[in-house]
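*Asks:* I'd like to go over a predicted model; first the sequence, then the structure.
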Amino acid sequence: MPMQNNFEISESVNNEANIAAFSTDYLMARDRFRTAAKGANCTLESLQIDHPGPDGQSLTIDVARLGAIQPEKIVVVSSGLHGVEGFFGSAVQLALLQRYLPSLAKDQTLILLHALNPYGFFYLRRSNEDNVDLNRNFLLPGELYQGSPDGYAQLNSFLNSQSPPARLNLFYPKAIATIVKAGFAQLKVILASGQYDFPQGLFFGGHGPTKTQQLLVENLPRWLQDATRVIHLDLHTGLGTWGTCKLLTSAPNSERLQRLRGWFSPEVIESPDSGTAYPIRGGLEDWCQNQFPERQYDLLTAEFGTYPSIQVVEALRSENQAHWWGNSTHQHWTKQRIKEVFAPADPQWRSQVLAKAVALIQQAVQVMSLD
């Protein structure tokens, strides 16, 4: 049975409260998430990563669970796989816990995974403590942590310049010339699909499983128990038109893709051969489905658009330069820029995307009520 959804929530939404759900840093976001989860009578646990903060603070993935003790159907909402993108995902999870918790059926459970990359969230990086893009790290059995897209090596010196960043540089004219030469669609694949040869570069997938992957291997089966149906929404920002939502899936034109389009608005579902989406190596979606082949496990990457792609890449490039080759001054302004790119301070954007994300989660819970 198709579901209708326009990603809007009621007129009574308190926009100021939604905007206030955005935290100023990781520690504030984590504290607020934990407090809200306890207030909503969730079961709460914390998983520590190996790398602490500068003053010895523990950096954790926090997990809140609400609903049936032995569920048949589960909705998972994860945030912060890309570190700095966690400002948005955490705000959504906080708003959900504080004001918008959906009514769960007796066989349903809601699981919130807060800050899958707490290091990147804390340090305002998209990558983790080993410079790994976590959404390129989840390779399937038999796949090797080796190789790069054709053309990445030729762009490496430009994309990952080994020098401190400059506020005024020639990135934009060089980038535009590269886009004209290679074509935008092809360039997206070259740059962002995942590489395993340049450890100090962007979109590096790692040389082996990360701590986040290890923790999911150890704990995800326990969290899911014997549930037969799972919808997993992984919240992201930075890709797509300002303020819009797209649900990205690796599913080709298949029965699964048609099912997803029946559940959610067909206009927002995108496969790798269309629109915003592009194919990647080591994505969380295929890995989760491979881990649980006996279940109907549907993971969707929920992308909320911010600035144009060229601006996002420039911010990533500058922050990466500052991280490896800059000083504290370089790091300060590049980190503030990357935070703005992935979590714009604009109140209208914040209110708009949070409302859409909450509606999306409510829709997922409704979908799970279908027989």
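*Replies:* Nice, I can see it.

*Asks:* CA only for contacts and neighbour counts going forward, please
*Replies:* Noted.

*Asks:* secondary structure class for the residue nearest the centre of the chain?
*Replies:* Geometric centre of the chain, nearest residue: residue 236, 3.5 Å, by Cα atoms, centre = their mean. Of the three states, residue 236 takes strand under DSSP: H, G, I helix; E, B strand; the rest coil.

*Asks:* ok, it - contacts?
*Replies:* 79, 80, 81, 82, 85, 86, 88, 89, 301, 302, 303, 304 (Cα atoms under 8 Å, 6 or more residues apart in numbering).

*Asks:* give me the distance between the fifth one and residue 121.
*Replies:* In this structure, residue 85 lies at 7 Å from residue 121, with Cα to Cα, to the nearest Å as the measure.

*Asks:* flag the shaky bits of the protein, pLDDT-wise.
*Replies:* When residues are selected by pLDDT under 70, those of the chain lie in 1-14, 180, 182, 253, 273-277, 371.

*Asks:* please redo it, this time with the cut-off set to 90
*Replies:* 1-18, 50-57, 154-155, 157-159, 167-192, 250-259, 265-267, 271-279, 368-371 (pLDDT under 90).

*Asks:* as a quick check, tell me the outermost residue of it.
*Replies:* The outermost residue of the chain, judged against the average C-alpha position, is residue 181 (30.1 Å), by Cα atoms, centre = their mean.

*Asks:* pretty sure it is in a strand, no?
*Replies:* No: counting by three-state DSSP, residue 181 is not found in a strand; it is helix.

*Asks:* ok, back up a step: of the contacts of residue 236 - the most surrounded one?
*Replies:* residue 86 (35 neighbours; other Cα atoms under 10 Å).

*Asks:* quick one: the residue nearest to the centre of the chain from residue 139, how far?
*Replies:* As judged by Cα to Cα, residue 236 and residue 139 stand 20 Å apart.

*Asks:* and the residue nearest to residue 237 when sequence neighbours are not counted, what does it touch?
*Replies:* Spatial nearest neighbour of residue 237, chain neighbours left out: residue 304 (4.7 Å); criterion: Cα to Cα, 6 or more residues apart in numbering. Shown in contact with residue 304 (Cα under 8 Å, 6+ apart): 236, 237, 238, 239, 240, 241, 242, 243, 244, 245, 246, 353.

*Asks:* how many neighbours does the residue nearest to residue 327 when sequence neighbours are not counted have?
*Replies:* Nearest non-adjacent residue to residue 327, counting by Cα to Cα, 6+ apart: residue 164, 7.8 Å away. By the criterion of other Cα under 10 Å, residue 164 has 18 neighbours.

*Asks:* in the helix ranked longest in the chain, what's buried?
*Replies:* Longest among the helix segments of the chain by residue count, using DSSP state H, is helix 347-368. Judged by neighbour count (16 or more other Cα atoms under 10 Å), helix 347-368 contains these buried residues: 349-368.

*Asks:* that older thread, what about the residue nearest to the centre of the chain, distance to residue 88?
*Replies:* Counting by Cα to Cα - residue 236 and residue 88 are separated by 8 Å.

*Asks:* counting contacts, what elements does the longest helix of the chain pack onto?
*Replies:* Helices and strands touching helix 347-368, by 3 or more Cα pairs under 8 Å, 6 or more residues apart in numbering; DSSP states H and E, are helix 15-20, strand 73-78, helix 86-98, strand 229-237.

*Asks:* can you check which of the ones you listed gets nearest to residue 218?
*Replies:* strand 73-78 (16.5 Å; Cα to Cα).

*Asks:* could you say what helices and strands the closest one packs with?
*Replies:* Helices and strands touching strand 73-78, by 3+ Cα pairs under 8 Å, 6+ apart, are strand 108-114, strand 229-237, helix 347-368.

*Asks:* of those, which is nearest residue 101?
*Replies:* Ranking the helices and strands packed on strand 73-78 by their distance to residue 101 (criterion: Cα to Cα) puts helix 347-368 first, at 8.1 Å.

*Asks:* quick one: that closest one to strand 108-114, angle?
*Replies:* Here helix 347-368 runs at an angle of 150 degrees relative to strand 108-114 (axes from the mean of the first three to the mean of the last three Cα atoms, to 10 degrees).
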